[in-house]
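Undergrad: I'd like to go over a predicted model; first the sequence, then the structure.
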Amino acid sequence: MSTNGLILNGHKIRKTSAIIMDGDIIKIPASQTFQCFLKWKKLISKKPDSDTASSQPEARKSIGNYLITSHCLGSGSYATVQLALDTSAHRQAACKIIKRKEGVDLRKEMKEATLLMNLHHPNINQVYDVDSDSGFLYIMLQLSTGGDLFTYITTHSGNRLCEGEAKYIMYQLLKGLKYLHIRMISHRDLKPENILLFSPGPYPRIQIADFGLARPKAYQETLHVCGTISYLPPEGILALNNKTLGYVGMPADCWSAGVTMFAMISLV
């Protein structure tokens, strides 16, 4: 957090935490230089599927003021998240890379980014910038270095949080939800995996993330069931097998928040 910052792999980092990988070179300005070595590594690494590998963008490239690295922070069914460096603001970022679909309007593909760019709240993952090329959409997000809430719960002593810590996290989660719902936006996939910890340590600041299924005008009933089944409300479960039934996104978010609280204070 020094105002002088440090030099990470030749790039300056200031007033923020950073993720350090094996082999990274760290230099204190006008002082010593260090190299990071991981003392433990996975002995077996899965080779990427040839079809998947061919659809991925190049491992390292520049997008505007951002340098996207080869370090993967996470991946899903339709996107990967790579570690990136904001060379103008001297900070790391998370770059969500979405493969564009042929024939689909760019404005439709930018739905998640458009929603997030107008949101400014300490408990909602912030979008820094958005860019695209012919093959991919790039969403530059605020980097949360503490991992996700699911990992925090499952690796916690006893596999559950104390009531005080769960209460503190729920307070932040409900503040973030209130901010969204006042603006008539429903998340529709709220779960511990989509709640990030801004930095490591107990009693963390949390951020709601992954707005790929979010919907504006959330007061309207939807007939399209989406999200994770374990966190769906009863009306969402019923709508799975009955295409004439619908449910409203904002109450569904509240139900999902309740299931998340149950996950925090119950033994896994």
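TA: Ah, there it is. Residues are numbered from 1 along each chain as shown.
Undergrad: got the contact list for Tyr128?
TA: Taking C-beta atoms under 8 Å, 6 or more residues apart in numbering as the criterion, Tyr128 is in contact with 86, 89, 93, 140-142. C-beta here means a position set from N, CA and C on the backbone, and glycine is covered the same way.
Undergrad: switch to 7 Å and redo it
TA: For Tyr128, the contacting residues are 86, 93, 140-142, by C-beta atoms under 7 Å, 6 or more residues apart in numbering.
Undergrad: quick one: the strands in the stretch 51-200 of the chain, in order.
TA: Assigned by DSSP state E, counting those that start in this stretch, the stretch 51-200 of the chain shows strands spanning 61-63, 66-75, 79-86, 91-99, 127-132, 136-142, 195-197.
Undergrad: these: which one's closest to Ala166?
TA: Relative to Ala166, the nearest member of the strands of the stretch 51-200 of the chain by C-beta to C-beta is strand 195-197, separated by 12.4 Å.
Undergrad: what mean pLDDT does that closest one have?
TA: Taken as a whole, strand 195-197 has a mean pLDDT of 96.
Undergrad: and it, what does it pack against?
TA: In terms of contact count using 3 or more C-beta pairs under 7 Å, 6 or more residues apart in numbering; DSSP states H and E, strand 195-197 is assigned the packing partners helix 149-154, strand 206-208.
Undergrad: let's check: the centremost residue of the protein is which one?
TA: Nearest to the centroid of the C-alpha atoms of the chain, with distances taken as C-alpha atoms, centre = their mean, sits Ala209, at 4.5 Å.
Undergrad: wait, it sits on Glu193?
TA: No. Assessed by C-beta atoms under 7 Å, Ala209 is found out of contact with Glu193, at 9.2 Å.
Undergrad: show me the contacts for Phe198.
TA: Contacts here follow C-beta under 7 Å, 6+ apart; on that basis Phe198 touches 144, 146, 204-205, 207.
Undergrad: can you tell me which residues contact the nearest residue to Phe198 once chain neighbours are set aside?
TA: Closest residue to Phe198 apart from its sequence neighbours, by C-beta to C-beta, 6 or more residues apart in numbering: Arg205 at 4.2 Å. Arg205 makes contact with 122, 172, 198 under the criterion C-beta under 7 Å, 6+ apart.
Undergrad: wait, which of the strands of the stretch 51-200 of the chain is closest to Lys15?
TA: Of all the strands of the stretch 51-200 of the chain, strand 91-99 sits nearest to Lys15, with 7.9 Å by C-beta to C-beta.
Undergrad: having no further points to raise, I will conclude here.
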